[in-house]
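Novice: Build me a model from this:
(one chain, ligands or ions: 1)
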Amino acid sequence: MPPKKRRIVALTGAGISAESGLGTFRDKGGLWDEHDINEVATPEAWNKNPKLVLEFYDKRRELCVKAKPNEAHFALAKLEKHFDVHVITQNIDDLHERAGSKNILHLHGEILKARSVNDPEKLYHIGGKRIKLGDLAPDGHQMRPHVVWFGEAVPKMYEAEDIVREADIFIVIGTSLNVYPAANLIYASAANIPKYIVDLNELTNVKYKNLTHLKGKASERLPELVDTLIKDLNNTK
Ligand code: NAD
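Specialist: Model (predicted):
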């Protein structure tokens, strides 16, 4: 039997897809500069103006379909040859899938999927198609995007914590760690394992044992880190 591969868990956020042309939420010029979060990404927004919410996500879906994975997504996929890699993403795009990563957990849903407002479990792959008011699921209820809105529960959180607990190395990429409960995941990792944060900004609010901040573009810093991890692994063989 081949030896068990070491586990790397990567928690990714909007920043990893920024260089693919998908805007982040909080950076200057990001999505919240153009949209009020309360008007488009909450259950209250849906109750007040579902058409506006659907149009907001139609636009996100359209941009997602046009976008292409970048060097950071590909670097994570490359790690899989050498490590047991688990990607936990806050992103609703499918760029990790298209880069070739296999174990991907979408904490906040997937924009290319829809579901009935009455059934969170059954998902429908809609690809780049829009959702209009009056588009009904087979159960007779309105379709909505399969995304977790602010104020909604994050059903995959427990599964994510279980994955993180078993990590030998933990990497955080392109997330401001402002959205909870996802931001707490780093604290589910074992205290003694190496942890890295790859981000344009130094996240000075995160202080943790064995934590290395790699400041810069994900498309540059992550491939460098991946090469170092593979080299270190080969040196220990
Ligand atoms: P965020 O907007 O709060 O933070 C983005 C982080 O990425 C910031 O810390 C920023 O410094 C960093 N960043 C920006 N460009 C970068 C680059 N080129 N390289 C490295 N780092 C870079 O995003 P978040 O923490 O993911 O939380 C916001 C929520 O928005 C998440 O729940 C996510 O679901 C959602 N979101 C998803 C997408 C997507 O699917 N692509 C896009 C926007 C927002």
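
Novice: would you say Ile193 is within a helix?
Specialist: No. Ile193 sits outside any helix when classified using DSSP: H, G, I helix; E, B strand; the rest coil, being coil.

Novice: Spit out the contact partners of it.
Specialist: Each residue near Ile193 by CB atoms under 8 Å, 6 or more residues apart in numbering is listed here: Ala167, Asp168, Ile169, Phe170, Asn210. C-betas here are computed from N, CA, C, even on glycine.

Novice: residues of stretch 157-174 that come out buried?
Specialist: Buried residues in stretch 157-174, counted by 16 or more other CB atoms under 10 Å: 157, 160-161, 163-164, 167-174.

Novice: Output the longest helix belonging to this structure.
Specialist: Using DSSP state H, we find that the single longest helix of the chain is helix 218-236.

Novice: what's that helix packed up against?
Specialist: Contact partners of helix 218-236 among helices and strands, from 3 or more CB pairs under 8 Å, 6 or more residues apart in numbering; DSSP states H and E: helix 14-18, helix 71-79, strand 169-173, strand 195-199, strand 211-215.

Novice: do it and the ligand meet?
Specialist: Yes. Contact between helix 218-236 and the ligand is present through Ala218 (criterion: CB under 6 Å from any ligand atom).

Novice: Outside of that helix itself, list whatever touches it.
Specialist: 6, 8, 15-16, 18-19, 70-72, 74-76, 78-79, 82-83, 169, 171, 173-174, 196, 198-199, 214-215.

Novice: Identify each buried residue in that helix, please.
Specialist: For helix 218-236, using 16+ other CB under 10 Å, the buried residues are Ala218, Ser219, Arg221, Leu222, Pro223, Leu225, Val226, Leu229.

Novice: Max pairwise distance over those: which two?
Specialist: Using CB to CB, the buried residues of helix 218-236 reach their maximum pairwise distance at Ser219 and Leu229, which is 16.8 Å.

Novice: Between the two ends of stretch 6-16, how far is it?
Specialist: End-to-end distance for stretch 6-16: 23 Å, by CA to CA, to the nearest Å.

Novice: can you give me the mean pLDDT across that stretch?
Specialist: Across stretch 6-16, pLDDT averages out at 97.

Novice: how distant is it from the center of its chain?
Specialist: Centroid separation between stretch 6-16 and its chain, computed with CA atoms, centre = their mean, to the nearest Å, is 8 Å.

Novice: that older thread, out of the contacts of Ile193, who's nearest the ligand?
Specialist: Phe170 (15.7 Å; CB to the nearest ligand atom).

Novice: ok, that closest one touching Val9?
Specialist: Yes. The pair Phe170 and Val9 passes the contact test of CB atoms under 8 Å, sitting 5.3 Å apart.

Novice: Need the overlap of contacts for these two.
Specialist: By CB under 8 Å, 6+ apart, the residues touching both Phe170 and Val9 are Val164, Ser189.
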